[in-house]
Each structure stands twice: as structure tokens, then as C-alpha cells.
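Q: Quick one: sequence plus predicted model below, questions after.
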Amino acid sequence: MYKFIIFLALLWQSAAIAQVFTSFPPNMYADSTAYPFYWGIASGDPLSDRVILWTKAEKTDDDLSPIPLTWEISSDSTFSTIINNGTIMATIEKDWTAKVDADNLQAYTTYYYRFTDTEGNSSRIGRTKTAPSGSIDELKFAVASCSSIFSGYFNAYRRIGERNDIDLFIHVGDYVYDFVDGDERVRIPEPEPTEPFTLQEWHWRHAYYLLDPDLRYARQQHPMIAMWDNHDIELNNISESVQAFRNYLPMRDTPGEAIEKAYQKLQYGDLVDIFVSDVLLYKNIDSLAVGEYSMLGNEQYEWLTEGLLNSTAKWRFITSQNMMSLWNAEGLPPLPGLTDGPVFDPSSWDGHFLEREMLLNFIKDNTIDNCMVLSGDAHMSFIMDLPIYPLDSLQYIPSTGEGSVAVEFLPTSITRGNFDEQGIPENIALNVAIILLSINPHHIFMQPVKHGYGTLTVRADSTVAKFWYSPILSL
């Protein structure tokens with residue numbers, strides 16, 4: 001208890017955090033039973049023979065020298081069979097975080113891992129799983145986005161952590177939030193947090209998030225992949241917010257590449273290739289041949305289309321921080337806070353319709369089957385066809401799906417607001433959803449008020465998408 005009190009005093013009064021809180025909202029606390037690993041552990045970016053292991057170990061004195069940590073990964077939770085181990089350093093430059101690429105692992109195998117300091121203090125035991133290699137019959141993924149810690153409770157993260165059937169947890173953006181939304185003041189510490197800008201302030205925001213036990217639990221129980229979106233990144237100070245994201249997430253670093261480059265392909269046996277794209281940091285930089293700005297940038301577009309063309313997997317998943325489908329608003333009266341133009345979000349793929357048309361035509365022309373986009377940002381639940389011209393009844397038939405070249409799965413937000421938080425009563429919101437579905441015939445399903453996450457059960461002959469909803473205003 002004494003060490004924990006010292007830790008809290010140092011944590012919230014240190015210059016590195018640069019912010020002192022006098023009170024915390026409910027269900028926010030460090031894991032005091034796992035000194036000095038108060039912020040938990042995580043794993044991510046799994047390959048068939050390796051996985052990234054992550055932790056953070058805080059000092060309780062003024063010594064700023066690196067902290068040596070021993071890591072172990074085992075085939076059993078009692079650590080009777082150690083598969084690999086080693087020593088890594090947690091440093092002040094990375095806000096006392098540390099990660100290692102644990103290799104020499106077997107494909108599609110569950111492993112357990114832990115960290116220990118030189119005094120024998122141990123972290124909690126984490127569970128992870130490598131990607132499969134070769135033939136695989138079934139996979140299950142969890143998909144989430146838009147998790148404002150200020151907007152509600154992270155019950156959905158707890159539910160993800162409790163599951164034993166998840167092979168990979170995919171977060172498609174807005175993992176942390178830079179500001180407190182005025183309409184969603186559910187869990188606010190005092191004094192109110194300010195928007196981060198410097199590296200230290202972004203480190204603080206990530207550390208604050210890990211005071212939530214439900215987020216820590218989800219990270220502890222499943223390997224994850226994560227991509228940033230606009231609330232994770234300060235676009236006027238990209239490098240420092242990206243560095244903080246990389247320091248706090250179990251992402252594989254790529255020496256020789258710019259730290260902003262995070263798009264990658266993950267292979268899950270012969271069943272799924274996952275193309276993790278970045279439509280935030282490459283947007284509006286390169287121009288298309290027709291003179292319009294690109295969403296992906298020329299290099300990433302070539303990487304994606306080449307990867308899709310050469311993939312031999314049964315399914316090809318593309319993650320996208322923003323909705324790829326047309327979200328038509330033509331003919332609707334202005335909806336405050338929602339739309340005042342022909343589309344709902346011109347900053348998304350709807351503002352880059354020519355590149356969307358190019359990509360969908362590429363998929364069609366090359367007969368690339370079983371392509372699915374996993375997206376976020378819209379804060380609502382959607383299942384959508386992806387036809388090239390969704391409003392043209394001669395080229396797309398909603399009742400059969402004929403004319404669609406791919407499909408899109410957009411689970412709702414973990415907590416961030418939707419129609420409900422915009423002050424629209426649920427019964428009216430559901431009626432509005434019916435109208436929106438009628439003018440967007442390619443939108444197969446829409447749920448405008450609930451929060452949670454999604455799952456995908458993938459087999460060779462089918463992929464089944466499900467939405468899982470959780471309350472956000474109470475535990």
C-alpha cells in the first residue's frame with residue numbers, strides 16, 4: 001500500500017504528466033496488486049512464429065536510469081514450459097514502456113506471458129495467440145473503434161476480454177480521445193483534461209486510459225492490432241502523437257521506415273489476409289491522375305491493390321478508419337450535427353469518391369472475390385454492400401446484392417456518441433434510420449443508438465458478422 005501511495009503521488013504530480021487530478025471518475029484505478037506493472041500488459045501484431053509483448057513499469061524514486069525487465073512466454077499458464085525469454089529495458093524516453101518481438105513460436109498456438117523486475121515483482125499473466133499458417137477451418141475476430149473514456153464505461157472491452165473464442169482483436173481507430181465532448185460528459189476527472197499536444201501530454205493520455213481495468217483486461221487476454229485515427233493523432237504535431245501511440249500499443253516497429261508508416265498485411269493461414277490500411281495520414285497528399293486528391297496516397301494504393309491481386313487467401317479484409325460506403329444524404333433536410341450536404345461525411349471516402357470508384361473497379365475487374373472492409377468512425381452499426389454505383393438500379397440490385405463487389409462491416413463505437421447522444425430520442429432515431437436506409441439501398445442494416453463491438457466468424461464458405469451491445473452509462 002505504501003508503494004502504491006508513493007506511486008500515485010509521483011504519477012499525478014510529476015512534470016512528465018504535467019497534470020494533477022484531485023478526483024477520478026468511477027472504475028478508474030491503477031493495478032496496485034501488480035507493482036510496478038500498474039498499467040498492465042498487452043500483445044499484438046501476431047505472425048505465425050512471433051508476437052509483440054508490451055508492458056509499462058513505473059519507478060517510485062528519482063532514478064531515471066533504464067529499468068531491466070525479464071520477459072517469459074510459455075505454452076502453459078503455470079510457466080512450467082518456457083518457450084522463450086529475455087531481458088528488455090523500460091526507459092524514460094518511452095515513458096517507461098517496453099516491448100519485445102517474442103519469436104520461435106508455433107503457428108496458431110495459445111501462449112502465456114509475463115514480465116518480472118529485478119526485485120522479483122511480476123506482472124499479471126497475459127494470454128496471446130499466434131497467427132495460423134497453412135490450412136485453417138475457422139477464425140473469429142473482434143472489431144472495435146471510437147472508445148472515448150470520457151463518454152462512458154468500457155463494458156464492451158470487459159466483454160471482449162471475457163471471451164475465449166477470439167483469435168485477434170482489431171481496433172480500427174480512435175483508440176484514445178484528445179478532448180472531452182460537451183454532450184458526452186460521463187466520466188470526467190477533476191480538473192478537466194486538456195487536449196494533448198506534446199509527447200509528454202500524449203503519453204499522459206495513454207497512461208490515463210490504462211487506469212481503466214476493462215481496457216487493461218481486453219489487452220491482457222487477446223492479441224490486438226490497432227490503427228490510429230484523427231482523435232489519436234495531432235495533425236499539427238504528427239510525429240509526437242504517433243510516437244506515443246507506438247509506445248503504448250503492442251505494435252511492431254519497423255526500423256528504417258518512417259514512424260508514421262503503419263499500414264501492413266497480416267496473413268491468417270489460407271483463410272484470411274488482413275490489409276491494415278491508413279486513411280488518415282495519407283489523405284489529401286497525393287493527387288490522382290484525374291486531378292482529385294487521394295485517400296490512400298499513391299504508394300499505399302499500389303501496395304493495397306498489388307496485395308489484393310496477389311492474395312491467395314479465401315477472404316481479403318481491408319481495415320479502414322473511415323466508412324468506405326457511400327452514405328447518401330441527398331434530399332434530406334439539414335440535421336444539426338449530422339449533415340448539411342449531399343453526404344454525411346465528406347472527410348471520409350465520400351470526399352474521395354473517384355479513388356473509391358477506382359478501388360472498387362479494380363476489385364471487380366480482377367475478379368477479387370470475398371473482399372470485406374472493416375471500418376469505424378461513424379459510431380453506429382452498419383452492414384453495407386459496396387457496389388460501384390449504389391444508387392444506379394441498373395448496376396446494383398439491393399434485393400439480391402447483384403452488382404456489389406465487396407461488403408463492409410462497421411461495428412458501433414465502444415462509447416462515443418451517436419444519434420442518442422445528439423439528443424435524438426431513440427424512437428425518433430430508429431425512424432430516421434429507416435429513412436436513411438431507404439435512400440441508401442446498399443445499406444443492409446443500421447442501428448443508430450447502441451454501443452459495443454463486433455465479431456466476425458470466418459469460414460471458407462461464409463463470414464458471419466455480429467454486433468454485441470453493452471451499456472455505457474453504468475457498470
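A: Yep, that arrived. Please read all numbers here as calculations on a predicted model, not as lab measurements. Numbering: from 1, shown residues only.
Q: low-confidence ranges in the stretch 301-450 of the chain?
A: Residue ranges of the stretch 301-450 of the chain with pLDDT under 70: 334-340.
Q: Which stretches in it count as strands?
A: For the stretch 301-450 of the chain, the strands defined by DSSP state E, counting those that start in this stretch cover 315-320, 371-375, 381-387, 404-410, 443-447.
Q: Export those strands as a markdown table, with columns for mean neighbour count and distance to Phe79.
A: (Each C-beta comes from the backbone N, C-alpha and C, glycine too.) A markdown table is the format used below for these (neighbours: other CB atoms under 10 Å; distance: least, CB to CB, whole Å):
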| stretch | mean neighbour count | distance to Phe79 |
| --- | --- | --- |
| strand 315-320 | 24 | 34 |
| strand 371-375 | 23 | 35 |
| strand 381-387 | 23 | 41 |
| strand 404-410 | 23 | 37 |
| strand 443-447 | 19 | 43 |
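Q: Identify the residue nearest the geometric centre of this protein.
A: The chain has His171 as the residue nearest its centroid, 1.8 Å off, counting by CA atoms, centre = their mean.
Q: got the phi/psi numbers for the residue of the chain positioned farthest from its centre?
A: Ranked by distance from the centre of the chain (CA atoms, centre = their mean), the top residue is Leu394, with 36.9 Å. Backbone torsions of Leu394, given as degrees, to the nearest 10, read phi -80, psi -20.
Q: thinking again about what came up before, can you spell out which residues form a bridge with the residue nearest to the centre of the chain?
A: For His171, the beta-bridge partners under DSSP bridges are Ala144, Ala226.
Q: what about it, distance to Asp137?
A: 26 Å (CB to CB, to the nearest Å).
Q: same question, Leu281
A: Counting by CB to CB, the gap from Leu281 to Asp137 is 36 Å.
Q: Of these two, which one has the most company?
A: Leu281 (22 against 10; other CB atoms under 10 Å).
Q: who touches the nearest residue to that one once chain neighbours are set aside in this structure?
A: Spatially, and ignoring its direct neighbours in sequence, Leu281 is nearest to Glu260 (5.3 Å; CB to CB, 6 or more residues apart in numbering). Residues in contact with Glu260 (CB atoms under 8 Å, 6 or more residues apart in numbering) are Ile238, Ser239, Val242, Leu281.
Q: Report the two members of the residues you listed separated by the largest distance.
A: Farthest apart among the contacts of Glu260 by CB to CB are Ser239 and Leu281. That separation is 10.7 Å.
Q: Measure how buried Ala465 is and give me the count.
A: Neighbour tally, Ala465, other CB under 10 Å: 21.
Q: what sits against it?
A: Neighbouring residues of Ala465 by CB under 8 Å, 6+ apart: Ile383, Phe409, Gly454, Thr455, Leu456.
Q: repeat that for 6 Å
A: Going by CB atoms under 6 Å, 6 or more residues apart in numbering, Ala465 touches Phe409, Leu456.
Q: Please, which helix or strand holds it?
A: Assigned by DSSP states H and E, Ala465 belongs to strand 462-469.
Q: Describe which strands that strand pairs with in its sheet and in which direction.
A: strand 452-459 (antiparallel).
Q: one step back: now do the strand holding Ala465 against strand 371-375, angle only.
A: 10 degrees (axes from the mean of the first three to the mean of the last three CA atoms, to 10 degrees).
Q: Now strand 462-469: average pLDDT?
A: Taken as a whole, strand 462-469 has an average pLDDT of 98.
Q: For it, buried residues please.
A: Using 16 or more other CB atoms under 10 Å as the test for burial, strand 462-469 gives Thr463, Ala465, Phe467, Trp468, Tyr469.
Q: got the angle for that strand vs strand 381-387?
A: Using the same axes, to 10 degrees: strand 462-469 against strand 381-387 is 150 degrees.
Q: Relative to the whole chain's centre, how far out is strand 462-469?
A: 17 Å (CA atoms, centre = their mean, to the nearest Å).
Q: next one: stretch 226-243
A: Worked out by CA atoms, centre = their mean, stretch 226-243 lies 13 Å from the chain centre.
Q: Kindly report the same for stretch 203-219.
A: Per CA atoms, centre = their mean, the centroid offset for stretch 203-219 relative to its chain is 14 Å.
Q: Just the endpoints, please. Distance across that stretch?
A: 18 Å (CA to CA, to the nearest Å).
Q: average pLDDT for that stretch?
A: 97.
Q: And for stretch 35-51?
A: On average, stretch 35-51 scores 97.
Q: Only alpha carbons, please: show that stretch as PDB.
A: The C-alpha trace of stretch 35-51 is given here as PDB (Å, rounded to 0.1, in the frame of the first residue of the first chain):
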ATOM      1  CA  TYR A  35       3.600  -3.300  -8.800                       C
ATOM      2  CA  PRO A  36       5.400  -1.900 -10.700                       C
ATOM      3  CA  PHE A  37       3.300  -3.000 -13.700                       C
ATOM      4  CA  TYR A  38       0.300  -0.800 -12.800                       C
ATOM      5  CA  TRP A  39      -0.800  -0.300 -16.400                       C
ATOM      6  CA  GLY A  40      -1.000  -4.000 -17.300                       C
ATOM      7  CA  ILE A  41       0.400  -5.900 -20.300                       C
ATOM      8  CA  ALA A  42      -0.600  -6.400 -23.900                       C
ATOM      9  CA  SER A  43       0.300  -8.400 -27.000                       C
ATOM     10  CA  GLY A  44      -0.100  -7.600 -30.700                       C
ATOM     11  CA  ASP A  45       0.800  -7.800 -34.400                       C
ATOM     12  CA  PRO A  46       0.900 -11.600 -34.300                       C
ATOM     13  CA  LEU A  47       2.600 -13.500 -37.000                       C
ATOM     14  CA  SER A  48       2.700 -17.300 -37.300                       C
ATOM     15  CA  ASP A  49       6.000 -17.500 -35.400                       C
ATOM     16  CA  ARG A  50       6.100 -14.400 -33.200                       C
ATOM     17  CA  VAL A  51       4.100 -11.800 -31.400                       C
END
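Q: Show me which residues of it are buried.
A: 35-48, 50-51.
Q: just these now: which is nearest Asp369?
A: Of the buried residues of stretch 35-51, the one sitting nearest to Asp369 (CB to CB) turns out to be Ser48, at 23.9 Å.
Q: Done for today, thanks.
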